[in-house]
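1. build me a model:
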Amino acid sequence: MKTSYKNIYTILNINRLIVVSVVLCALGSSAFSGWIVYDIHKKALNNAFAINTDGSVIPLKWVTQKENFQVEALAHLELFHTYFYNIDASNYEKNLEKALWLGNSSVDNLYRQKKADGVYNRLLQYSLVQKVLSIESQLDTRTEPYQFKTTTVFEINRGTVVDTYELVSTGNLLVVDRNYPNNTHGLLITNYFENTLKKVQDGHQ
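-> Presented below is the predicted three-dimensional model:
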């Protein structure tokens, strides 16, 4: 008995339906996979892990990028001003070397100027102790490079007298690659300038 063939249009319609179904399934699978990857990436950005001294893993919750930058920028400024101005005859070379890692040529030029003016020689000659009392910074994080203004209060102990000074300095912060352990915040001070320096307290014993 002769077998009848199915209508060619019916077969084509079925094939087309199968192809469309396969394509839709593939697209759906790709979209689902993409969402899974995005979700994993998002969770990874919000969580980090640190190794404790005993080898245990400690989960850490990341703050938002903006908040994190604000904290790091202020910490960077405090670290720099501490290294650059909290000096005495025993630590000034070590502290200044650390400070120079945190700024660009503008910081280096200021250091060379102070050295040429005999600031560090007097530190050694008279055994001066320059101690930072407070550091307060204002930071504009709207656009890079980020402008800052820092007020540093420090005292100079000359043995017989102690004078207190207030220094106002300005500059910019530039984001750079982190350098462990020299520049852990990944920020660089540029256009650094000492604006004003005034005595805020008379010398006393």
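
2. list the contacts of stretch 100-116.
-> 76, 79-80, 83-84, 96, 99, 120, 171, 174, 179, 182-183, 187-194 (C-beta atoms under 8 Å, 6 or more residues apart in numbering). Every C-beta, even on glycine, is put in place using the N, C-alpha and C of the backbone.

3. could you list the low-pLDDT ranges of this structure?
-> 1-7, 41-67, 202-205 (pLDDT under 70).

4. may I ask you to name the longest strand in it?
-> strand 187-204 (DSSP state E).

5. surely residue 24 forms part of a helix?
-> Yes - Residue 24: assigned to a helix according to DSSP: H, G, I helix; E, B strand; the rest coil.

6. measure it to residue 17 for me?
-> When distance is defined by C-beta to C-beta, to the nearest Å, residue 24 is 11 Å away from residue 17.

7. strands along this protein, start to end?
-> 47-51, 57-61, 87-88, 129-139, 146-157, 162-175, 187-204.

8. ok, now which ones touch residue 99?
-> So residue 99 contacts 80, 83, 84, 107, 111 (C-beta under 8 Å, 6+ apart).

9. residue 9: which of those is nearest?
-> residue 80 (79.3 Å; C-beta to C-beta).

10. now the closest one: closest residue in space that isn't a chain neighbour?
-> residue 102 (4.4 Å; C-beta to C-beta, 6 or more residues apart in numbering).

11. check contacts around the residue nearest in space to the middle of the chain.
-> Centroid-nearest residue in the chain, with C-alpha atoms, centre = their mean: residue 185, separated by 3.6 Å. Listed by C-beta under 8 Å, 6+ apart, the contact partners of residue 185 are 72, 73, 75, 76, 79, 178.

12. just to check, the fourth one is in contact with residue 173?
-> Yes - with contact taken as C-beta atoms under 8 Å, residue 76 and residue 173 are classed as touching, separated by 7.1 Å.

13. what sits in contact with each of those two?
-> 187, 189.

14. check which residues of stretch 83-90 are buried.
-> 83, 84, 85, 86, 87 (16 or more other C-beta atoms under 10 Å).

15. contacts only, for the third one.
-> Applying C-beta under 8 Å, 6+ apart to residue 85 gives the contacts 130, 132, 152, 154, 167.
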